[in-house]
Each structure stands twice: as C-alpha cells, then as structure tokens.
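S.K.: next input, structure requested:
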Amino acid sequence: QRHTVPMAEVATAMAQALPAVFQHCMTHGIQIAGPPLSRYPDMAGATCTLEAGVPVVGAVEAPEGFAVVENHGGEVAVFMHEGGYETLGQTWGGAFAWVKAQGRELAGAPWESYLTDPGQQPDPATWRTEICLPLG
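M.R.: Model (predicted):
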C-alpha cells in the first residue's frame with residue numbers, strides 16, 4: 001500500500017498499512033518470502049512516499065489499493081540499524097553519506113526491512129532494521 005505522509009508519521013502509516021497487506025496475503029494464499037518492508041520512492045523534504053509490503057513468492061495480482069512492485073535487481077548497499085525506530089534517521093543519514101563518499105548514486109527507490117517484530121520483541125534495544133540502497 002502506498003502512502004504519502006510527514007516523516008514523523010512513517011511508523012504510524014506502516015502500523016496501519018501492514019496488517020492489510022498481511023491479511024490480503026493470508027486470504028489469497030500468497031506465500032510471504034521475507035520480513036515486512038517499506039520502500040521509499042520519494043523521500044524529499046518533510047514528507048515521504050512509502051510503499052508498505054512484504055516480499056512474496058511468484059507472480060501475484062494486486063487488488064484495488066495495492067500494487068505489485070519489483071525491487072532493484074542489481075548491486076545494493078545494506079546497512080544494519082539496531083535499536084528503536086526513533087533513531088532510524090541517523091542510520092539513513094549515515095547510509096546516504098556513505099553512498100556519496102563512494103562517488104555512487106542511487107539506482108532506484110531505497111527500502112528498509114524490519115527483521116524484528118516489535119510484538120514479539122518489545123524491547124527496542126533488540127530491534128534490527130536493514131536499510132537497503134540500490135546502487136547505480
């Protein structure tokens with residue numbers, strides 16, 4: 001599901017969107033292939049456009065309000081964030097700085113994968129999030 005929200009509301013948008021994505025997959029027998037993620041086709045300014053979803057096995061059709069999106073198939077720089085979501089911006093900043101320092105550019109929308117389920121691990125200090133930047 002795609003949403004454009006203020007940066008401060010990303011976590012809320014994800015918390016609202018992901019249950020609908022999981023429900024659709026369960027209802028239609030779609031096999032989930034990895035942890036939930038959010039993809040960011042636009043992160044300019046005080047708002048961002050995010051696509052909340054999950055990787056799936058095989059081709060699927062998207063119902064109204066959903067989209068099937070294919071992530072970058074080339075080289076990707078991956079950064080690990082450990083801790084609560086309130087400090088994710090610092091890790092994103094470091095990741096973008098690394099890309100610039102390497103003289104590289106993004107080759108598509110970056111995304112983050114949520115490796116820890118806060119419902120099962122309530123201590124934010126244990127949360128792990130992958131930040132993935134497709135490189136050109």
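S.K.: how about E130, nearest residue that isn't a chain neighbour?
M.R.: Excluding the flanking residues, the one nearest E130 by CB to CB, 6 or more residues apart in numbering is S113, at 4.4 Å. Quick note: C-beta positions are derived from backbone N, CA and C, even for glycine.
S.K.: what pairs with the strand or helix carrying the one you found, parallel or antiparallel?
M.R.: Counting by DSSP states H and E, the element that carries S113 is strand 111-114. Here strand 111-114 has these sheet partners by DSSP bridges: strand 37-42 (antiparallel), strand 128-134 (antiparallel).
S.K.: flag every buried residue along the longest one.
M.R.: Of the residues in strand 128-134, those buried under the neighbour-count criterion (16 or more other CB atoms under 10 Å) are 129-134.
S.K.: same deal with the first one?
M.R.: When neighbours are counted by 16+ other CB under 10 Å, the buried residues of strand 37-42 are found to be 37-39.
S.K.: closest to T12 out of the residues you listed?
M.R.: T12 lies nearest to S38 out of the buried residues of strand 37-42, by CB to CB, at 12.1 Å.
S.K.: can you pull up the bridge partners for the closest one?
M.R.: Beta-bridge partners, per DSSP bridges, of S38: A52, E112.
S.K.: thought W111 was touching it, still the case?
M.R.: Yes - S38 lies in contact with W111 (CB atoms under 8 Å); the separation is 6.3 Å.
S.K.: got the CA positions of stretch 39-57 in CSV?
M.R.: Output in CSV follows, covering the C-alpha atoms of stretch 39-57 (Å, rounded to 0.1, in the frame of the first residue of the first chain):
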residue,chain,number,x,y,z
ARG,A,39,10.1,1.2,0.1
TYR,A,40,10.6,4.9,-0.4
PRO,A,41,10.1,6.1,-4.0
ASP,A,42,10.2,9.7,-2.7
MET,A,43,12.0,11.0,0.5
ALA,A,44,12.3,14.6,-0.4
GLY,A,45,11.6,17.3,2.2
ALA,A,46,9.3,17.0,5.2
THR,A,47,7.1,14.2,3.6
CYS,A,48,7.8,10.9,2.1
THR,A,49,6.0,8.4,-0.1
LEU,A,50,6.2,4.9,1.3
GLU,A,51,5.1,1.6,0.0
ALA,A,52,4.4,-0.9,2.8
GLY,A,53,4.6,-4.5,1.9
VAL,A,54,6.2,-7.9,2.0
PRO,A,55,8.3,-9.9,-0.5
VAL,A,56,6.3,-12.7,-2.0
VAL,A,57,6.9,-15.9,-3.9
